[in-house]
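A.B. asks: just a sequence and a predicted model for now, questions to come.
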Amino acid sequence: MLFDARFTLSEIDTGAARLNVRRGGDGPPLLLLHGFPQTHAMWHLVAPVLARQFHLVMPDLRGYGDSEKVASAADHLPHSKRAMAKDMAKLMTQLGFDRFDVAGHDRGARVTHRLALDHPACVGRACVMDIVPTRHLFTHTDQVFATAYYHWFFLIQPDGLPERMIGADPGGYMHECLRRWAAPGAVFDADALDEYERCYRRPDTIHSACEDYRAGASIDLDHDAASAALRVDCPLLVLWGARGFVNRHYAVLDIWRQYASDVRGEALDCGHFLPEEKPDEVISALCNFFAAAD
């Protein structure tokens, strides 16, 4: 069992999407957002300790896990980070939290970035894990980035091409993503792997994930361009893996200081999946950051 009895699981309708949400713990609200190709189960190693200080809210993003697979559209708006961020703002309001802290990993970190821009009154502090901003990546694309992040260009292909190719062996593709992006020798919990695979094997999940990336290469960039003059004003913690591509290729804190006013952070000795590769270090960093006075 990945989560103990302290955590309840429910479906919450935001009005735009029905979200699968696990929550529990004592203290101020902390929203945790997962990335691709995972679900909220990625927080299973850090949640029990964080729940001693925070009330954790851990949803599956729309299109992922057991959350609703919303209909796609030609402009990919239903799978934009703006739509996902709005889900989160509405979810937290429905739970009685008008202001909260948030931490996101991978795609969830991109939702966190958009949430801080679109709903600044809601976000007290934010943490993003193992990303630099989407707009920066696409405006600085080179061969090294395109090789390491080949999936960004594969998953956006039209006419169901990646869906058909991944659908031939969805478990194999998912496991290969985890293997490539983690540090060598990283071990994932068997129950977590079973949960990721259970969800990712669904054709509608594969399609939704592709739509997420298609939005990232289209309408998300339009939204980013329109808000280029805005900066994340809340305190921002940036964590990334010292043994991953982001650390090798980018001056992470320097880049984020172009997009946010109050940035601090560090690299952890791991690959891409920080909460599963280095849970103790993630717990320490999040507790210290979110417990700090503004």
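C.D. replies: It's in. Residues are numbered from 1 along each chain as shown.
A.B. asks: show me where the protein has its strands.
C.D. replies: Taking DSSP state E to define them, one finds strands in the chain at 8-13, 18-24, 29-33, 55-59, 100-105, 123-129, 236-241, 263-268.
A.B. asks: residues in contact with the residue most central in space within the chain?
C.D. replies: Residue closest to the mean C-alpha point of the chain, counted by CA atoms, centre = their mean, is residue 108 at 1.6 Å. Applying CB atoms under 8 Å, 6 or more residues apart in numbering to residue 108 gives the contacts 32-35, 61. Bear in mind the C-beta positions are built from the backbone N, C-alpha and C, glycine included.
A.B. asks: same thing but 7 Å
C.D. replies: By CB atoms under 7 Å, 6 or more residues apart in numbering, residue 108 lies in contact with 33-35, 61.
A.B. asks: and what of residue 132?
C.D. replies: By CB under 7 Å, 6+ apart, the contact set of residue 132 is 246, 250, 252, 255-256.
A.B. asks: could you identify which of the residues you listed has the most neighbours?
C.D. replies: Within the contacts of residue 132, neighbour counts (other CB atoms under 10 Å) peak at residue 256, which reaches 24 neighbours.
A.B. asks: from residue 213, how far out is that residue?
C.D. replies: To residue 213, residue 256 is 22 Å away according to CB to CB, to the nearest Å.
A.B. asks: what about residue 190, how many residues nearby?
C.D. replies: 8.
A.B. asks: ah, wrong one, I meant residue 211
C.D. replies: Residues lying near residue 211 (other CB under 10 Å) number 24.
A.B. asks: that one against residue 75, yeah?
C.D. replies: No - the pair residue 211 and residue 75 fails to qualify as a contact (CB atoms under 7 Å) at a distance of 10.8 Å.
A.B. asks: what about residue 160, how many residues nearby?
C.D. replies: Neighbour count of residue 160, defined by other CB under 10 Å: 13.
A.B. asks: what does the pLDDT read for it?
C.D. replies: Note on residue 160: pLDDT of 97.
A.B. asks: for residue 167, see how far away it is.
C.D. replies: 9 Å.
A.B. asks: ok so, going back, a markdown table for the contacts of residue 108, including pLDDT and distance to residue 143?
C.D. replies: What follows is the contacts of residue 108, written out as a markdown table (pLDDT from 0 to 100; distance: CB to CB, whole Å):
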| residue | pLDDT | distance to residue 143 |
| --- | --- | --- |
| 33 | 99 | 30 |
| 34 | 98 | 30 |
| 35 | 98 | 24 |
| 61 | 98 | 30 |
